[in-house]
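1. please find the sequence and the predicted model below.
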Number of protein chains: 2
Amino acid sequence: MINYTNNLREHNLKATPQRLAITDILYTKGHISVEVLYEMMLKKFNSISLATIYKNINLMIENSFIQEVKIPNAKSVYELTKEEHSHLVCQKCNKVLDIKIDLDSIVTQTSDAYHFNIKNSNLILSGLCQNCQQL
Amino acid sequence: MINYTNNLREHNLKATPQRLAITDILYTKGHISVEVLYEMMLKKFNSISLATIYKNINLMIENSFIQEVKIPNAKSVYELTKEEHSHLVCQKCNKVLDIKIDLDSIVTQTSDAYHFNIKNSNLILSGLCQNCQQL
DNA sequence: CTCTGTGCAAAGCGTTTGCAAACGA
DNA sequence: TCGTTTGCAAACGCTTTGCACAGAG
């Protein structure tokens, strides 16, 4: 397991074993729900509390270390903060992929048309992945 | 108040006074949270229960009469089902606007590139509306 | 050494459920 | 009339809080 101490400290988060493990899981899995994260953490810390998971998730969000991804008709997942990107979600197996889509012209046109100062764009495409289409 | 009996029945929903009022509020407001809907309903039905609100919202969603809109960093709102569209949200006053954006080429390209059968696209642009920029 | 983080138990809050009475068709 | 809906109260599940102890810096 890579040492993520510096990654945490860059976001003003003390490096505790629990946080290092959460970070490692996020790097490895990419996207994860609270429930699955808790199950995975239990394997490493047999008496970890859900309260610890929630406290850390909330603190990590506040410090912009991670972000919540709200998915239509599904539970939220969390991911490490990275450059802006969109998501491709399989409605059957719930796999989530990061995809790079250029929304600049859409953002510019919409800003102009509605006199909005657009700060964030959030695109989620949902459907069936290659594997789930065949079942 | 317009009579929405037929709109409800087209979605296999019996026209009760409570449902007609919910429908009217949705037509009028466009987008509404559970909380605000309850407050508005209380003005018309002084003993309406939150359980009734939830039961109706859930049934209306099941019957595709309305849809949930999950907004990043904010509460969900509900809207009447209409043709696919995107949303523009003000992060300050929480106003939600429907916008028409052509995502066809993005959907096609992404489908091809990732071998996904994309069924839904969900785009939310967030920022400051004209009014809130000036404050 | 000091301040923060952890685990536990309890509390909180939004949502759902069960039931009897009221109502729509 | 019959099946559905309503309102109420209780239950539920997820999330947060308070506290004493442990641990990071």
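-> Looks like it came in fine. Numbers count the residues shown, from 1 in each chain, chains lettered A, B, ... in the order given.

2. every contact and neighbour count from this point should use C-alpha atoms.
-> OK.

3. now the spatially most central residue of chain A: which helix or strand?
-> Geometric centre of chain A, nearest residue: A:Glu79, 1.9 Å, by C-alpha atoms, centre = their mean. A:Glu79 belongs to strand A:77-80 when assigned by DSSP states H and E.

4. neighbours of A:Pro17, how many?
-> 12 (other C-alpha atoms under 10 Å in any protein chain shown).

5. dump the residue contacts of the residue in chain A positioned nearest to DNA strand C.
-> Closest approach between chain A and DNA strand C, counting by C-alpha to the nearest atom of the strand: A:Ile48, at 3.6 Å. Counting by C-alpha atoms under 8 Å, 6 or more residues apart in numbering or on different chains, A:Ile48 touches A:41-42.

6. quick one: contacts of the longest strand that chain A contains?
-> Assignment by DSSP state E gives strand A:117-128 as the longest strand of chain A. Contacts to strand A:117-128, defined as C-alpha under 8 Å, 6+ apart, come from residues A:71, A:85-92, A:103, A:107, A:111, B:107, B:116-130, B:133.

7. could you dump it to PDB, C-alpha only?
-> Output of strand A:117-128 as PDB, limited to C-alpha atoms (Å, rounded to 0.1, in the frame of the first residue of the first chain):
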ATOM      1  CA  ASN A 117     -22.000  32.700 -14.200                       C
ATOM      2  CA  ILE A 118     -21.600  28.900 -14.500                       C
ATOM      3  CA  LYS A 119     -19.000  27.500 -12.100                       C
ATOM      4  CA  ASN A 120     -19.600  23.700 -12.300                       C
ATOM      5  CA  SER A 121     -20.900  21.300 -14.800                       C
ATOM      6  CA  ASN A 122     -22.100  17.900 -13.900                       C
ATOM      7  CA  LEU A 123     -22.900  15.300 -16.600                       C
ATOM      8  CA  ILE A 124     -23.900  11.700 -15.900                       C
ATOM      9  CA  LEU A 125     -24.600   9.300 -18.700                       C
ATOM     10  CA  SER A 126     -26.400   6.100 -17.600                       C
ATOM     11  CA  GLY A 127     -27.100   2.900 -19.500                       C
ATOM     12  CA  LEU A 128     -25.800  -0.600 -19.900                       C
END
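
8. if A:Val96 is in a bridge, with which residues?
-> Beta-bridge pairing for A:Val96 (DSSP bridges): A:Val89.

9. separation between it and A:Tyr78?
-> 11 Å (C-alpha to C-alpha, to the nearest Å).

10. and what of A:Lys70?
-> A:Lys70 is 9 Å from A:Tyr78, by C-alpha to C-alpha.

11. just A:Ser33 next, same as before
-> 6 Å.
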